[in-house]
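Novice: need coordinates for the below:
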Amino acid sequence: MRRIMTIIIFVIVFAVGAAFSAINTNPVIINYYLGTLTAPLSVVMILSIVAGIILGAVAIFASTLRLRYENRRLNKKLNVSEQEINSLRIIPIKDEH
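Specialist: Numbering: from 1, shown residues only. Below you'll find the model as predicted:
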């Protein structure tokens, strides 16, 4: 059922994107530091969305790497603490009474 819903959503998004692209064929001029570029509005918007997705993915990946590093560090600390607790449990209690 989940696969069917994914396919339906993909087809709807593709159809809306195709309709948007067909309607917005007017050329726009993009000025950047090294020159200018003329491209259809739909292409500019799609490239902007793709660039946003890529930048978002890079930001999430960087955050994930930081969390993985912290998780690994905390696991090592936990292992050391568990080893210390186990070694303390082995030591017999000496009663002076």
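Novice: packing partners of the strand or helix carrying residue 52?
Specialist: According to DSSP states H and E, residue 52 maps onto helix 41-90. Applying 3 or more CB pairs under 8 Å, 6 or more residues apart in numbering; DSSP states H and E, one finds that helix 41-90 makes contact with helix 2-23, strand 27-32. Bear in mind the C-beta positions are built from the backbone N, C-alpha and C, glycine included.
Novice: rerun at 7 Å
Specialist: On a contact count with 3 or more CB pairs under 7 Å, 6 or more residues apart in numbering; DSSP states H and E, helix 41-90 meets strand 27-32.
Novice: that older thread, next, the angle strand 27-32 makes with the helix holding residue 52.
Specialist: Orientation of helix 41-90 against strand 27-32 (axes from the mean of the first three to the mean of the last three CA atoms, to 10 degrees) gives an angle of 50 degrees.
Novice: chain center to helix 41-90, what's the gap?
Specialist: 10 Å (CA atoms, centre = their mean, to the nearest Å).
Novice: average model confidence for stretch 55-74?
Specialist: Stretch 55-74 comes out with an average pLDDT of 94.
Novice: stretch 78-90 too?
Specialist: Stretch 78-90 comes out at a mean pLDDT of 89.
Novice: show residues contacting it.
Specialist: Outside stretch 78-90, not one residue touches it by CB atoms under 7 Å, 6 or more residues apart in numbering.
Novice: so how far is residue 1 from residue 13?
Specialist: From residue 13 over to residue 1 the distance is 19 Å, taken as CB to CB, to the nearest Å.
Novice: give me the more crowded residue out of the two.
Specialist: Remark: of residue 13 and residue 1, residue 13 carries more neighbours, 10 against 5, as counted by other CB atoms under 10 Å.
Novice: model confidence for that one, exactly?
Specialist: pLDDT recorded at residue 13 is 87.
Novice: show the pLDDT at residue 5.
Specialist: For residue 5, the predicted pLDDT is 92.
Novice: my error: substitute residue 97 in the last question.
Specialist: At residue 97, pLDDT is 61.
Novice: done for today, thanks.
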